[in-house]
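Undergrad: Could you work out the structure for the sequence below:
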Amino acid sequence: MKLFQLLLSLLLSTAAFAADASSSAAAAAVAAAAAPEPEKNGAINLTKRNFDSSIGDGSVWLIEFYSPWCGHCKKFAATYENVAETLHGMNKGKEHKIKVAKVDGSKEKALALRFSITGYPAFVLVDGWNVYEFEGRRSKEAMVNFALKKDEKMEPISFIVSPFGPMGQLRALLHRTGTMCLDTYDYLVKSKSMPPTFAVMIMASCGVIFGTTVIIVVGLLLLPKPKID
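TA: Alright, predicted model coming up:
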């Protein structure tokens, strides 16, 4: 009986959390849709919601990772907007375009971790699966030349450790999973007033159930099919 009550409480809590999360996601989507569009020639704001869909448009993307509290970022902000205007102005009539964007790394931590960002500002060039890191002196001319790949010695990051490779995806997945666990814990303790120990037990039970389900599904998929004579 107690086991049944525990499982019922677990299901109800999970359903409530999913409903709250869906409402929050819907509200965020509405807010994003209502947000003003970036200036025509200015740097494009990228977030976790539009990052992959944006950079998958076939263009070359020059991306700055910045933080609002970073003094160097503030000092370079006007120059970077000038870089964006210059490069976007070169796109007229070209099929292979260069787009300039920026990511607030203090908010988009999963993206910053995916690109192994350790300090701000940081600049990367994304051309398909290839990712290049900017290591020169910050200036308009250097940034434009970097985006145009005028340096023949430029080498992309190895795919294994690149943001689109297995290591980059794993880093982002681990960060998202950790964030989701912390959000779930806060939800159960603060919103549902559950004792911390009980909240941890529920999360651990969910983890066990999920892991067991994945193992069973994978096992069933990998079962050898019987031969039919």
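
Undergrad: Return the set of buried residues in the helix or strand where Ile209 lies.
TA: Per DSSP states H and E, Ile209 falls inside helix 196-222. By neighbour count with 16 or more other CB atoms under 10 Å, helix 196-222 contains the buried residues Ala199, Ile202, Met203. Every residue, glycine included, has its C-beta placed from N, CA and C.

Undergrad: same check, this time on stretch 73-84
TA: Buried, per 16+ other CB under 10 Å, within stretch 73-84: Cys73, Phe76, Ala77, Tyr80, Glu81, Val83, Ala84.

Undergrad: Those in helices, which ones?
TA: Judged by DSSP state H, the buried residues of stretch 73-84 include Cys73, Phe76, Ala77, Tyr80, Glu81, Val83, Ala84 as members of helices.

Undergrad: For the protein, which segments are assigned as strands?
TA: For the chain, the strands defined by DSSP state E cover 44-45, 60-66, 98-104, 122-127, 130-133.

Undergrad: could you dump the ones you listed to JSON lines with mean neighbour count, distance to Arg171 and mean pLDDT?
TA: JSON lines is the format used below for the strands of the chain (neighbours: other CB atoms under 10 Å; distance: least, CB to CB, whole Å; pLDDT from 0 to 100):
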{"stretch": "strand 44-45", "mean neighbour count": "16", "distance to Arg171": "23", "mean pLDDT": "94"}
{"stretch": "strand 60-66", "mean neighbour count": "24", "distance to Arg171": "14", "mean pLDDT": "96"}
{"stretch": "strand 98-104", "mean neighbour count": "22", "distance to Arg171": "15", "mean pLDDT": "95"}
{"stretch": "strand 122-127", "mean neighbour count": "21", "distance to Arg171": "15", "mean pLDDT": "95"}
{"stretch": "strand 130-133", "mean neighbour count": "18", "distance to Arg171": "14", "mean pLDDT": "93"}
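
Undergrad: Leaving out sequence neighbours, find the closest residue to Glu155.
TA: Tyr132 (7.6 Å; CB to CB, 6 or more residues apart in numbering).

Undergrad: quick one: contacts for the one you found?
TA: Residues near Tyr132 by CB atoms under 8 Å, 6 or more residues apart in numbering: Val124, Leu125, Phe146, Lys149, Met154, Glu155, Pro156, Ile157.
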